[in-house]
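1. Pasted the sequence and its predicted model underneath.
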Amino acid sequence: MASASYHISNLLEKMTSSDKDFRFMATNDLMTELQKDSIKLDDDSERKVVKMILKLLEDKNGEVQNLAVKCLGPLVSKVKEYQVETIVDTLCTNMLSDKEQLRDISSIGLKTVIGELPPASSGSALAANVCKKITGRLTSAIAKQEDVSVQLEALDIMADMLSRQGGLLVNFHPSILTCLLPQLTSPRLAVRKRTIIALGHLVMSCGNIVFVDLIEHLLTELSKNDSMSTTRTYIQCIAAISRQAGHRIGEYLEKIIPLVVKFCNIDDDELREYCIQAFESFVRRCPKEVYPHVTTIINICLKYLTYDPNYNYDDEDEDENAMDADGGDDDDQGSDDEYSDDDDMSWKSWLCDPDAMEQGETPLTMLQSQVPNIVKALHKQMKEKSVKTRQCCFNMLTELVNVLPGALTQHIPVLVPGIIFSLNDKSSSSNLKIDALSYPETLLPRLKGYLASGSSYARSSVVTAVKFTISDHPQPIDPLLKNCIGDFLKTLEDPDLNVRRVALVTFNSAAHNKPSLIRDLLDTVLPHLYNETKVRKELIREVEMGPFKHTVDDGLDIRKAAFECMYTLLDSCLDRLDIFEFLNHVEDGLKDHYDIKMLTFLMLVRLSTLCPSAVLQRLDRLVEPLRATCTTKVKANSVKQEFEKQDELKRSAMRAVAALLTIPEAEKSPLMSEFQSQISSNPELAAIFESIQKDSSSTNLESMDTS
């Protein structure tokens, strides 16, 4: 105890140093001490430590300030209650300071202290007393609207305290509500948003009287509709309360929903978005009470799925025809180029519709009856210019078939044109194309027909989508996939280079995750696979870069994909391979590009273990390219990366040599024996070889996941 007090005294003395580094290190050491469970402070030490930490919160050096505020966390649990109250009083006073930096650091300090208090469920007297002391100061700070920054900090802390210790503040809930409600009409949006967050936390622990007062206030203000800006805020607030309070708001939905429906018809896209988000919350949190209104909610969602914010509806009758997805020409989208989707709030209301409709899935019979209307509404949107809109449509259809399997069976002919539109759209992201194909149990047979499409983008997208249906776990789609994967792999004969590469990637995924899909197809697939391992001179071109000429091999990616497939087949389908034919192509790969060589070196390591006798028969033909790699020298004027690549090649080649030497009688090969002597006589190669042999990890089989 005495030694601890002495050590603390030394640290406190250093904290008064004029050298900021001394102050920083001493504060850091103090925090380390405070974090120890064994430390116990006497009353005098407690007082001095608290006083010093609070003083350092006003330090001129920001790093010292930050460290001091971090000390508050462990300090709160080490000092007596009256010292904690001293800390809280000082921090609350500092929050009203004219110095912005001191206000900020004190706010962080208060949040730190609140975070360290025992939870409300523990019945801690310390937590109760501290929260009561803070609450009065915070409500005063929130009520004063002269300084917005103080208000914002106070609202943040209030929300944090209500979320953690709301149950301890029941007696203060009426005064907290009284201070928060006026902030919903603040001219500052940031103040309104933080007030909504605080009210959301308040309703989680408040009594029924406070809850009723809050709801009645919101309903009264919404009925007045004095300002569109505040109306948006009140709708957001109701949605937040619904999310947090859950079923408690259910008994008021008969009053709330008609108001929200009314505001959906006001020409304000941002307000509509908030209304639809509120609907989503009602359906999610109060399914029983909202049931009578589900049809109304779905109809509103369907209406705004087909609503174009950039089109003038003033000259049209707003009746049921506005919901007809077949109405109007697709060519009417020409003027959309003048608008930015990101800047137009109304597009957001499109994107939140499926959330509300997804929550309206119960009961399933009601949803089933709405499927034709949903498909009708989505039909035109699936050919929209906006990628966001189309992706939202696909997400919604995916959710629909997840909840109601088979629900879209009768509607596939209507949906396929929209799917093909996205597959053929060169400007669309690959993610959108995958979304378009994310329910293939129904679409797979139909999509086979589009392998004959004139668009290489469509063909590659279809094959890529099939790749994403393959997983290492059993799936309902597996039997269907096995029957038709051969048709998709016929794209290995496609005239387009990229389509063939994608086909190889899909084949590799199947070989790695579910070999049973492709084992019976190897006799027809392997010739095409091996064909893609060859270097094609017609795909090699020279590109001038200033005074230099750079060689570009457009066939490199597809060769890499082919060799990756070969590597995978060693693990999954070795018994179906003609090893000598396989070794022919491995031998070619040993003379290829850097990336291909690295793959074939790994293959040799695997083959030396899996098929030692076959490798031994080809050993002389394999040694020569390995020797060429190990003895190649980089030009003296090459860049650093070239030297590093060559070093890595040598090490990988040496690993392959070491693996070959584990085959019995490999040393009897004249060429291998000669190469061994060459390695021994070359200090650089000898050092690499020796380190590889000593490295225990080199005895483990290397693995590569190229799926």
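-> Done, it's in. Numbering: from 1, shown residues only.
2. Show me the shaky parts of the stretch 401-550 of the chain.
-> 423-443, 446 (pLDDT under 70).
3. ok, which stretches of it are helices?
-> 412-424, 430-436, 440-448, 456-467, 478-489, 497-513, 522-531 (DSSP state H, counting those that start in this stretch).
4. nearest to residue 273, of the ones you listed?
-> helix 430-436 (22.2 Å; Cβ to Cβ). The C-beta positions use only the backbone N, C-alpha and C, and glycine is treated the same way.
5. buried stuff in the one helix or strand residue 272 maps to?
-> Element membership of residue 272, judged by DSSP states H and E, is helix 269-285. Buried residues in helix 269-285, counted by 16 or more other Cβ atoms under 10 Å: 269, 271-285.
6. Could you export the helices of the stretch 401-550 of the chain to a markdown table, including columns for mean neighbour count and distance to residue 24?
-> Compiled in a markdown table, the helices of the stretch 401-550 of the chain are given as follows (neighbours: other Cβ atoms under 10 Å; distance: least, Cβ to Cβ, whole Å):
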| stretch | mean neighbour count | distance to residue 24 |
| --- | --- | --- |
| helix 412-424 | 18 | 57 |
| helix 430-436 | 19 | 47 |
| helix 440-448 | 18 | 60 |
| helix 456-467 | 22 | 54 |
| helix 478-489 | 17 | 62 |
| helix 497-513 | 23 | 53 |
| helix 522-531 | 16 | 63 |
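7. Tabulate the ones you listed (JSON lines), appending distance to residue 150.
-> Below are the helices of the stretch 401-550 of the chain laid out as JSON lines (distance: least, Cβ to Cβ, whole Å):
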{"stretch": "helix 412-424", "distance to residue 150": "51"}
{"stretch": "helix 430-436", "distance to residue 150": "44"}
{"stretch": "helix 440-448", "distance to residue 150": "57"}
{"stretch": "helix 456-467", "distance to residue 150": "55"}
{"stretch": "helix 478-489", "distance to residue 150": "62"}
{"stretch": "helix 497-513", "distance to residue 150": "58"}
{"stretch": "helix 522-531", "distance to residue 150": "70"}
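8. thinking again about what came up before, for the buried residues of helix 269-285, which one is nearest residue 124?
-> residue 285 (31.0 Å).
9. Quick check: that closest one vs residue 203, distance?
-> 12 Å (Cβ to Cβ, to the nearest Å).
10. Looking at the helices of the stretch 401-550 of the chain, spot the one closest to residue 55.
-> helix 430-436 (54.6 Å).
11. ok, back up a step: anything in contact with each of residue 285 and residue 203?
-> Residues within reach of residue 285 and of residue 203 at once, by Cβ atoms under 8 Å, 6 or more residues apart in numbering, are residue 245.
12. any idea what sits nearest residue 561, other than its immediate chain neighbours?
-> residue 504 (4.0 Å; Cβ to Cβ, 6 or more residues apart in numbering).
13. so that neighbour sits right up against residue 493, yeah?
-> No - under the criterion of Cβ atoms under 8 Å, residue 504 makes no contact with residue 493, lying 12.0 Å away.
14. if we can go back for a sec, for whichever helix or strand comes after the helix holding residue 272, packing partners?
-> Sequence order places helix 287-290 as the next helix or strand after helix 269-285, per DSSP H and E. Applying 3 or more Cβ pairs under 8 Å, 6 or more residues apart in numbering; DSSP states H and E, one finds that helix 287-290 contacts helix 253-264, helix 269-285.
15. Would you mind putting the CA coordinates of helix 287-290 into CSV?
-> Provided in CSV are the C-alpha atoms of helix 287-290 (Å, rounded to 0.1, in the frame of the first residue of the first chain):
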residue,chain,number,x,y,z
PRO,A,287,-47.7,-7.4,-36.9
LYS,A,288,-51.0,-8.1,-35.1
GLU,A,289,-52.1,-4.5,-34.7
VAL,A,290,-51.0,-3.5,-38.3
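16. Residue 238: neighbouring residues, count only.
-> Residue 238 has 26 neighbours, counted by other Cβ atoms under 10 Å.
17. What distance do you get for it to residue 219?
-> Taking Cβ to Cβ, one finds residue 238 at 9 Å from residue 219.
18. what's the closest non-adjacent residue to residue 624?
-> With Cβ to Cβ, 6+ apart, the residue lying closest to residue 624 is residue 671, at 6.9 Å.
19. Please, which helix or strand holds the one you found?
-> Going by DSSP H and E, residue 671 is in helix 670-681.
20. buried residues in that helix?
-> In helix 670-681, counting by 16+ other Cβ under 10 Å, buried: 672, 675, 676, 679.
21. Ok, stretch 370-384 next?
-> Quick answer for stretch 370-384 (16+ other Cβ under 10 Å): 370, 374, 375, 376, 377, 378, 379, 380, 381, 382, 383, 384.
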